Each structure stands twice: as structure tokens, then as C-alpha cells.
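Trainee: can't give you the sequence, but here's the structure:
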């Protein structure tokens, strides 16, 4: 290994360490005091419940762990959006678990909480995965009710999805382990099976204080909507559990009884480790997002036996298309080549830029993968499409549109790994969040933005300076530099992986070493859902 490799490795591992430290704090939820208060009440914390429920020594991945990061500061924050979502295995069955974190504002729903819950349901619906709800929530966070209650993608969509999943035959199990109030009370009865923990679980449309105010009836919460009421009188719940562990054991027993599922039929061979060490990614990736490197070296670290079959190797070289296996699964990889390459016409092409010939190649490759029923993996490190008169006259918009069309209409499952840059229309063509990847994750140093920080900051500074001049305010060179520095810092903050993950533009920030696990579990999940649609590009400009 050379000195430059070692420097990159040290810097990139440091970046992952910083991300890991932030996540360690996020996992504390509302803080150790509030977590201990839950334990003192005889309850387990959200993460303890999930750990107990999932099979021992089995793989799992957490969805949206950074959701809400550094958001809602004026309201005290909302770590992990106040809900923990994990894909894992219960009784050997792959499933999703959604657990309210009552240490964060009593599990109340912020706008990002609704978005995260809907993302969990979207994953369950796309992949026809069983979903388990561990309910412990005070309902909508009232100070922000106008941003969570009435719209199409707000709180009510959860129950619409409950109904849709039921009609699709997707198993839903609810355990009420704390509060379950107001609109949220519909969740258990809209699940296939529901249970409630005695003395700590409660379900009602309105609590005792509101009942008193509304109709003058005096009643305590336990009599109104406790476990005995709903198991013996109302019939809302199916099982009474004596404590959290008992409820979780009952869920395990239900999951043991599930039958097999129809499979999509994605091909899997015996898994093999890459010959190249996956840890080498830390030394291959440059610290600066502007530096170049050979993306094929990254692919060798990710695929079984470090073997791949490259498609149109000598054409459209700024995008690599190849078939390979990851953890045994047959995959098609579409990756931005980040080193300077020479086109078939002898012209030099910049790394990370999509040219017409590359878009044309990727479109054909995506069609082939759909024809052969091969899941697609997008490795994004893209600065956008090539600009300038030569590209425009050569039809870059037309060729880019073909690629976007192929990505949008693809019927095989897609998975996106943002390994570096994700800028502008390149984000779209390389299957950004808007193009329905089954899972989309970022490496710790990823940048997501409409354009690179240096260019965007200069444009924004010029706009602001022009505005000041219109107001009759001239600025000197020092003030101009201060303005640029202020805008640059703000813009850079908004391009970081944590900013994107906080808003669920990505599902997670992951250690590159875990990339194979995310892809493998994602394809395994997708294999639960047979492909019913036919691939059709629609109308395109030839």
C-alpha cells in the first residue's frame, strides 16, 4: 500500500468514526434519564424491545436511524424521529419492526415521524414483508399538528396503508406496550393480530381527562382502555400479555406459524467473499470529492470473488455497467467511473460526468437486466450530465432522458449506494430517492446537492451581492469574501450525508463494509414480491 492510500484510509475511517459517534448519541433517544424512567415503569426501551424480539446472532439493518437529526431544535429535538425501524428476522422470517420510542416526547409524532413510518410501510408493501408494530405513542405532537395531521402523506396515510397491506395479504402484528391514543388507536384493530400489555398498555380514542371534559363521565384510563377492557369487553385486542417480554414472545410464536411466500425468483448461488479486502474501500476513496479514482477498484471490493463481467467495456466509459454476484445474488451494477477516460472517438471524458454514449449504454444495460430479471445496483458518484455546445448538439438531453426513462420504468428491484457525489440530474439518472430504489444508503463522506458546493456558493453569493447593489449597498472585497464564506459554510452543511439522512432522502449512512449486507438483505426482501409488471420504456426520442 502506498502513502496516499494510507492517508485516505486514515481520513475516511476518521469520518466514519465521527458518524458512528453521532449515531451513538442518537440511539440514546430522549436521554438516559427518560430511558431509565421507562424501565422503572416496568417497560423495556424501544431498542431493548427490538433486540429481544429479533433472532439472536442474525443480521439486521436499521432504516432511518438519522431521521430528525438536528431538526426541531426549538421543540427539544426528535432523535431518530422518535421511532426505531429495523429490518431483521423473527423466528427465521424476514420482517420489518417499527417501535415507538417513548423516551422522545412520549413517542409523539413529529412530521418526520410520519414520514419515517410511511417509509417503513412503503418498504413492507414493495417487498410484501411482514411488519410488526410495537406501539407506545402519545399520538400527534400537537404544537406541529398542521404539519402531520391532514395531508395525503401525513398521519392518516398510516391507516390507509394498514388497509391496503391487509388486502395485499401482508402480515401485520401490533403489540400495544404503552399509550395508543386518538387516531393511533385504529392501528391495532387494523392489524391482523393485536395484543396489549397489562397495566402499561392502553387504547382509547380519548383519555379520561378529555372524556370528562367532553361528556362529563368520570373514569380512569385503565378502566377506559386497559388490557382487561380490550381483551374481555371490547374485543379490540386478541391477546393479553403480562409484560413486555411476554408480548414479544407471543409475536415470536405468531411468526413461527407463518407459511412460505411466493418468490420473485432472483438467482442466488453459493455466497463468496471478495478476493479484494472490502476494507480497502477506505484507502481507495479520495478525501476530496473532486479527486479521481478507478471505480472498478471499488467494485472488486464489493462483488463475490472480485469477479464481474463488464458490458460494452470500450464504449461510454464514464459509466461502468457489469453483471456480478453479491453475497451469491446475481446483480447488474451501474456505476459512475470516477477517473479520466478516453472515449471511442479519442476524446477525454471527465470522471463522474455522464456523457451521451454512457447514458445510451446504461439505458440498454438496464433494459437487459429487466429482460433477465436481475436486480440493479447503482453506485452513485456523479457530478451530473456533460454540458456545453458539443454535448447539447449531440443530444445529451435526449440520451439522458432515455436513461431516466429506463430507470423510472424498471420493474426489477433497484438499490442505490451513494459512494461520493450525488449532484443535479445525475442523482435522478443514477436512481436517486425519487426513482423508487428499494433501499438507498450513503457512505459517510457522501454529498447530495443540486450542484457542487464551490460552484453553488459562488452563484448564490453573486445573486446576494446583486440584490444588495439594487438596494444601493456596495460591498468591498473583504465583505464579499465574508459573504462567500458564510454562504459556503451553510451550503456545505446542507450537502452532507447527515443532512440528507435526517430528512430521509437516504435510508441510512452506512459503513462501506456493510454494503454487501444491505444489498443482500434488500434483495432477499425483494424476493418476497413476484414481478407482475412488464418492462416498457414508453415513448422515447431515438
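Mentor: Okay, I see it. As the structure is a prediction and not an experimental result, all values here were calculated from the model. Residues are numbered from 1 along each chain as shown.

Trainee: what stretches of the stretch 201-350 of the chain score poorly on pLDDT?
Mentor: Along the stretch 201-350 of the chain, segments meeting pLDDT under 70 are nowhere present.

Trainee: again, 80 this time
Mentor: The model of the stretch 201-350 of the chain has pLDDT under 80 over residues 206-212.

Trainee: scan the helices and strands of this protein for the one with the lowest mean pLDDT.
Mentor: Of all the helices and strands that make up the chain, helix 453-470 has the lowest average by mean pLDDT, DSSP states H and E, namely a mean of 67.

Trainee: near the nearest residue to residue 184 once chain neighbours are set aside, how many other residues are there?
Mentor: Spatial nearest neighbour of residue 184, excluding adjacent residues (CB to CB, 6 or more residues apart in numbering): residue 139 at 5.1 Å. (Each C-beta comes from the backbone N, C-alpha and C, glycine too.) Residues near residue 139, counting by other CB atoms under 10 Å, number 20.

Trainee: pretty sure residue 139 sits against residue 181.
Mentor: Yes. In this structure, residue 139 is within contact of residue 181 by CB atoms under 8 Å, at 4.7 Å.

Trainee: about what we covered before: what about the residue nearest to residue 184, distance to residue 182?
Mentor: 5 Å (CB to CB, to the nearest Å).

Trainee: and for residue 381?
Mentor: For residue 381, the distance to residue 182 equals 45 Å [CB to CB].

Trainee: look at those two and report which has more neighbours.
Mentor: Legend: neighbour count by other CB under 10 Å for residue 381 and residue 182, higher for residue 381 (27 against 17).

Trainee: give me the mean pLDDT for the top helix by length along the chain.
Mentor: Ranked by number of residues, the top helix in the chain under DSSP state H is helix 3-26. Per-residue pLDDT values over helix 3-26 give a mean of 97.

Trainee: immediately after that helix, which helix or strand?
Mentor: Next helix or strand after helix 3-26 toward the C-terminus (DSSP states H and E): helix 32-40.

Trainee: which residues are contacting that following helix?
Mentor: For helix 32-40, the surrounding residues in contact (CB atoms under 8 Å, 6 or more residues apart in numbering) are 28-29, 44-45, 102-104.

Trainee: which among the residues you listed end up buried?
Mentor: When those are checked for burial by 16 or more other CB atoms under 10 Å, the buried set is 29, 44-45, 102-104.

Trainee: report the two of the residues you listed separated the most.
Mentor: Farthest pair in these (CB to CB) is 44 and 104. Separation: 15.3 Å.

Trainee: now the contacts of helix 32-40 as TSV including distance to residue 188?
Mentor: Conversion of the contacts of helix 32-40 to TSV gives the following (distance: CB to CB, whole Å):
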residue	distance to residue 188
28	28
29	23
44	19
45	21
102	16
103	22
104	21
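
Trainee: from the residues you listed, pick the one nearest residue 193.
Mentor: When the contacts of helix 32-40 are ranked by distance to residue 193 (CB to CB), residue 44 comes first, at 20.2 Å.

Trainee: if I pick that closest one, what's in contact with it?
Mentor: By CB under 8 Å, 6+ apart, residue 44 lies in contact with 38, 52, 177, 244-245.

Trainee: distance check, the spatially closest residue to residue 533 that is not a sequence neighbour against residue 537.
Mentor: Spatially, and ignoring its direct neighbours in sequence, residue 533 is nearest to residue 411 (4.6 Å; CB to CB, 6+ apart). According to CB to CB, residue 411 stands 11 Å off from residue 537.

Trainee: can you pull out the helices in the stretch 351-500 of the chain?
Mentor: Along the stretch 351-500 of the chain, counting by DSSP state H, counting those that start in this stretch, helices occupy 356-371, 389-393, 396-409, 424-429, 453-470, 477-495, 497-502.

Trainee: any chance of those in JSON lines, with distance to residue 519 and mean neighbour count too?
Mentor: Shown next, in JSON lines, are these (distance: least, CB to CB, whole Å; neighbours: other CB atoms under 10 Å):
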{"stretch": "helix 356-371", "distance to residue 519": "14", "mean neighbour count": "22"}
{"stretch": "helix 389-393", "distance to residue 519": "33", "mean neighbour count": "11"}
{"stretch": "helix 396-409", "distance to residue 519": "17", "mean neighbour count": "21"}
{"stretch": "helix 424-429", "distance to residue 519": "19", "mean neighbour count": "22"}
{"stretch": "helix 453-470", "distance to residue 519": "29", "mean neighbour count": "14"}
{"stretch": "helix 477-495", "distance to residue 519": "25", "mean neighbour count": "14"}
{"stretch": "helix 497-502", "distance to residue 519": "18", "mean neighbour count": "22"}
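
Trainee: okay, these in TSV with distance to residue 440 next?
Mentor: Output for the helices of the stretch 351-500 of the chain, formatted as TSV (distance: least, CB to CB, whole Å):
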stretch	distance to residue 440
helix 356-371	17
helix 389-393	28
helix 396-409	13
helix 424-429	10
helix 453-470	21
helix 477-495	16
helix 497-502	10
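
Trainee: nearest to residue 276, of the ones you listed?
Mentor: Comparison of the helices of the stretch 351-500 of the chain against residue 276 by CB to CB identifies helix 356-371 as nearest, at 23.1 Å.

Trainee: show me what that closest one is packed up against.
Mentor: Helices and strands touching helix 356-371, by 3 or more CB pairs under 8 Å, 6 or more residues apart in numbering; DSSP states H and E, are strand 308-311, strand 319-326, strand 329-336, helix 396-409.

Trainee: packing partners for the first one?
Mentor: Of the remaining helices and strands, those touching strand 308-311 by 3+ CB pairs under 8 Å, 6+ apart are strand 319-326, helix 356-371.

Trainee: repeat that for the last one.
Mentor: Other elements packing on helix 396-409 under the criterion 3+ CB pairs under 8 Å, 6+ apart are helix 356-371, helix 424-429.

Trainee: any figure for the gap between residue 23 and residue 247?
Mentor: Residue 23 is 28 Å from residue 247, where distance means CB to CB.

Trainee: settle it for me: which of those two has more neighbours?
Mentor: Taking other CB under 10 Å, residue 23 and residue 247 do not tie; residue 247 has more neighbours (26 against 18).

Trainee: tell me what the helix or strand harbouring that one is packed against?
Mentor: Assigning secondary structure by DSSP H and E places residue 247 in helix 244-256. If you count contacts as 3+ CB pairs under 8 Å, 6+ apart, helix 244-256 packs onto helix 46-53, strand 83-90, strand 172-181, strand 193-197, strand 239-241.

Trainee: so how far is residue 207 from residue 188?
Mentor: For residue 188, the distance to residue 207 equals 16 Å [CB to CB].
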